[in-house]
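> Here you go, sequence then predicted model.
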Amino acid sequence: MLYFILKKLAQVIPTLLGLSVLIFLMIHMVPGDPAEMMLGERANENSLRELRHQLGLDQPLYVQYGKFMGRLVQGDLGRALRTNEKITKEIKEHFPATLELSMVAIIIAIVLGMLAGIISATKQYSIFDYGSMLLSLVGVSMPIFWLGLVLMIIFSIKLAWLPLSGRLSYDIVLEPITNLYLVDSLLQGNWAAFKDALWHIIMPAITLSTVPMAIIARMTRSSMLEVLRQDYIRTAKAKGLAPRIIHYKHALRNALIPVVTIIGLQFSILLGGAILTETIFAWPGIGSWLLNAVYARDFNAVQGGTMLIALVFVLINVLVDITYAWINPRIKV
Amino acid sequence: MTQQPLLTVDGLSTYFYTDRGVAKAVCDVSYDINPGETLGVVGESGCGKSVTSLSVMRLIPEPPGKIVSGKITFDGQDLLSLNERQMRKIRGNKISMIFQEPMTSLNPVFRVGDQIAEAIILHEGLSHKAALERAVDLLKQVGIPSPESRVYDYPHQMSGGMRQRVMIAMALACKPKLIIADEPTTALDVTIQAQILELMDKLREETGTAIQLITHDLGVIAETAQKVLVMYAGRVVEQADVKDLFTNPMHPYTRGLMRSIPGLGEQEERERLETIPGVVPSLLNLPKGCRFHDRCRHAMERCALEEPELKIADGKHPVRCWLYQE
Amino acid sequence: MSCTQTANTTTDASCKSRSPLAEALLRLHKNRTALVGLIIVAVFAFLAIFGHWIAPHDPLEQSLYTKLKPPFWMPKAADGFLLGTDDFGRDLLSRIIYGARISMLVGVVSVSISLVIGTISGAIAGFYRGWVDILIMRVMDILLAIPSILLAIVIVAFLGPSLQNAMIAIGVVSIPRYARIVRGSVLEEYSKDYVQAARALGASDTRLIFLHILPNCLAPLIVQTTLGFASAILEAAALSFLGLGAQPPTPEWGAMLAGGRALILRAWWVVTFPGIMILLAVLGFNLLGDGLRDALDPRLRD
Ligand SMILES: Nc1ncnc2c1ncn2[C@@H]1O[C@H](COP(=O)(O)OP(=O)(O)OP(=O)(O)O)[C@@H](O)[C@H]1O
Ligand code: SF4
Ligand SMILES: [Mg+2]
């Protein structure tokens, strides 16, 4: 198993390397001078030269790339031009918010999506089946940046049930431990903070979970239907097992195999969707941070943030491969 | 012949209501099986053998299928009047099944030992450990070498023959009174086929279970069964003790089947094997009269108009053919 | 296997020999959701082409007197502005109708970019194999290693925000989908006898690829193209929403949403209607794509 994990990890290294080259080249190949783009057209020659030097732009490309990689493997992404803070520090500050949001969203998506898919499959052609499949059709096509706004209008403005944006109300104090507010408030037994954090995360998490939930529901349904036709399900019935055990033990375990792959792909949608969701709900995560870097033409930060998200995404996919091998005994590990 | 039959099927009809009409897969089928006896059921593909046995298990997918009439009595119990819950206590416990496809009939994601143990835990309430020990014994009984380690195998680590042995072990797990084996050897190599049949016969003698053996190979019947049911297009066309049937096959379809087995046909026809020309009629669109008439070499005018009854006529056993009736 | 023998379990259609096209049409017809998709797509195509005849107003025409008027069924609605107006007094209905043209254009342009580049690179990779294949597919892997919307954002960030650059970015990020399909079927077809035979007869590589191999991956490509429209429209709207695509006052749905964001407390309709248009357009292409997949290639069913 360890060998399998190491092998999988080794396989992603070339991808990440290639990615670093790609992003690096993008910065340096775009028409025009990055320093000028960053400082604007009316910047004076001195500050331009200084910025070029600071960025290492006055050196040959391969030297620049070497230096960039040298720093990268040491976990140094350079400084954000906007704030002059270390990018790693900024990422560390913003990452937990994104992690918390994505985790809640993927849990909602997996639990509700799989449940809907299983019930649809076991009660094929029922009202529930038609209803949930219609919803999931709409779900996969949902522009979530719009859905977020609509939820805001309904639940924050018209009904005033949920807070409009942010992670926590201003009057709530919470000692940071992990910076995952739901976890921190639980650890400290701070119920008021927990409730407040929960109320804040509901809308963004539901918004973010919509598309993955719909995809997971559809995939689970078709995978379950496929499995329920298999001979071993008939064997299980002939053993006298109750439908509940047949569905949730014999069928689901097999149906999960393709669903896990799909769940892995959802992280792509999730991390991309986080940028939109965070922007709408003023959620102080990596997505909105990265977007602000884009607006500010802070290419250092864009480069660092993109590398980080790609790394997270690639690692998640390794995790998915491992899970896949674990639930599917036919794969030798 | 005085003992109480273990299973009595009386006038069973099972239909499938599909988009394109009603498929009368099983029509008015009756037979019985005594304890410890092997009943062979033969017939070409699609003539309703599997549907008959799935009806006994009450495993017909519903919809589209439905048992429309008949009575099934097993061990004094009227199976068709039981509810699902009571029926589940019988499946895998008193009646178990072995299916045609050993490659796909075992769940690929569970160890074979656990799959055998599952029924034991369910029906006999044994602990997982005790059930797994029983599984080892069962694997030994069905002739799997080094069963102690094999219980931990996944199905994909075994050959087809081994998997069918596992299926047999699973069927035997709760000491059933009846095993329904639906073409247990069709998917296997000839040599493995013989081994599996031998094993089943040996186990039947040892444990006293009755077997309903479904096959389209009369040769298999000749070797293992005591009684035979010949089915054609959802109907029983001939019913006899094995000796009777082979010494005195009456229905033209039965004779046709015999001519297609090496070394079993009538003297003059032994030299070359024959297959029955034509195909089984569509169940949605059954011909009027005898269902076999468009393939029968003895067909008469009457055959196309009226369907014969299943009757004991000239010979000693029931047959559904005008040749033996008024 | 003969027909009658299995007639009970198979459909009539598989017995009578129909042409593959008729088969596909039949299956498409049976699939009602696909039909709904086709109708939606047709309506949007119609709006895109004839929008200037249908739209009651100029989408850019501003007026202080008609600022933030609600849709017709609400009190204080203004005559002639069915779906109300935005904060510049522009007619919302006309703007969302013109939006169809922009979104369709985005679809056509970015799908063409990814289709052409993807097909060519996939065909080259599959046909020549070896290091060319490895190199091309590695690049595809790299593109796939970043969430597509993020990659599009990064590309636009470097190229500069505009609708044109957004279309390029969206085109680039979906190249791998097409490349993979084409490479897969090229590898599959290449090993078949008829290709080898044509080759032995001296057919040139390009002739082989275009005449013999590519027609075989037409079905999955058509499906992917249809679904590609859906994701292109969605991503372009997202980019514009973030201010990285179409710029105001262009009547692009995503940009309209961005403009309406600040108004959600006062004028819900300004964000509601453009969003519904995005949802419907994307839904239409997705439904049609799913239906085509079932109709053209039963093997591809999910
Ligand atoms: N789920 C179903 N839906 C519709 N029709 C069915 C279904 N299952 C069986 N049938 C019908 O019942 C007929 C008899 O099938 P059955 O499986 O009993 O044949 P068989 O004698 O076991 O053949 P084989 O030797 O191929 O196993 C089939 O031809 C089919 O028309
Ligand atoms: S009834 Fe007629 S057609 Fe049918 S089997 Fe007998 S002779 Fe042949
Ligand atoms: Mg059968």
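Received, thanks. Ligands and ions are numbered 1, 2, ... in the order given.

> Could you give the secondary structure assignment for the nearest residue to A:D76 once chain neighbours are set aside?
The spatial neighbour of A:D76 that comes closest, neighbours along the chain excluded (C-beta to C-beta, 6 or more residues apart in numbering or on different chains), is A:T88 at 6.8 Å. Where C-beta positions appear, they are placed from N, C-alpha and C, glycine not excepted. Using DSSP: H, G, I helix; E, B strand; the rest coil, the three-state assignment for A:T88 comes out as helix.

> Next one, pLDDT for A:T88 please.
We note a pLDDT of 85 for A:T88 in this prediction.

> ok, it - contacts?
Applying C-beta atoms under 8 Å, 6 or more residues apart in numbering or on different chains to A:T88 gives the contacts A:G75, A:D76, A:L77, A:G304.

> any idea how far it lies from A:R234?
Applying C-beta to C-beta, to the nearest Å, the value for A:T88 to A:R234 is 57 Å.

> and what of B:I90?
In this structure, B:I90 lies at 16 Å from A:R234, with C-beta to C-beta as the measure.

> where along chain B do the helices fall?
Counting by DSSP state H, chain B has these helices, from start to end: B:49-56, B:84-90, B:102-105, B:112-124, B:128-141, B:147-150, B:160-172, B:190-207, B:218-224, B:242-247, B:252-259.

> And the last one, how far out from the chain middle?
Read it as helix B:252-259. Mean-position distance between helix B:252-259 and its chain equals 19 Å (C-alpha atoms, centre = their mean, to the nearest Å).

> and if you look at the third one?
In terms of C-alpha atoms, centre = their mean, the centre of helix B:102-105 is found 17 Å from the chain centre.

> Residue numbers of chain B in contact with ligand 2?
Counting by C-beta under 6 Å from any ligand atom, the residues of chain B lying close to ligand 2 are B:251-252, B:290, B:292-293, B:296, B:298-300, B:303, B:308, B:321-323.

> burial count for residue 71?
Reading this off chain A. Around A:R71 there are 12 other residues, counting by other C-beta atoms under 10 Å in any protein chain shown.

> Can you look at chain B instead?
B:K71 is flanked by 14 other residues according to other C-beta under 10 Å.

> now B:E238
Quick note: B:E238 (other C-beta under 10 Å) scores 27 neighbours.

> so how far is B:V26 from it?
As defined by C-beta to C-beta, B:E238 lies at a distance of 16 Å from B:V26.

> still on that earlier bit, now go through the contacts of A:T88 and say which are in helices.
Checked against DSSP H, the contacts of A:T88 include these in helices: A:G304.

> how about the longest helix along chain C: buried residues?
The longest helix of chain C (DSSP H) is helix C:92-128. For helix C:92-128, the neighbour count (16 or more other C-beta atoms under 10 Å in any protein chain shown) marks C:92-104, C:106-107, C:109-111, C:113-115, C:117-127 as buried.

> Please state the offset of whichever helix or strand comes after it from the chain centre?
Beyond helix C:92-128 in the direction of the C-terminus, DSSP states H and E gives the next helix or strand as helix C:130-144. A distance of 24 Å separates the centroid of the chain from that of helix C:130-144, by C-alpha atoms, centre = their mean.
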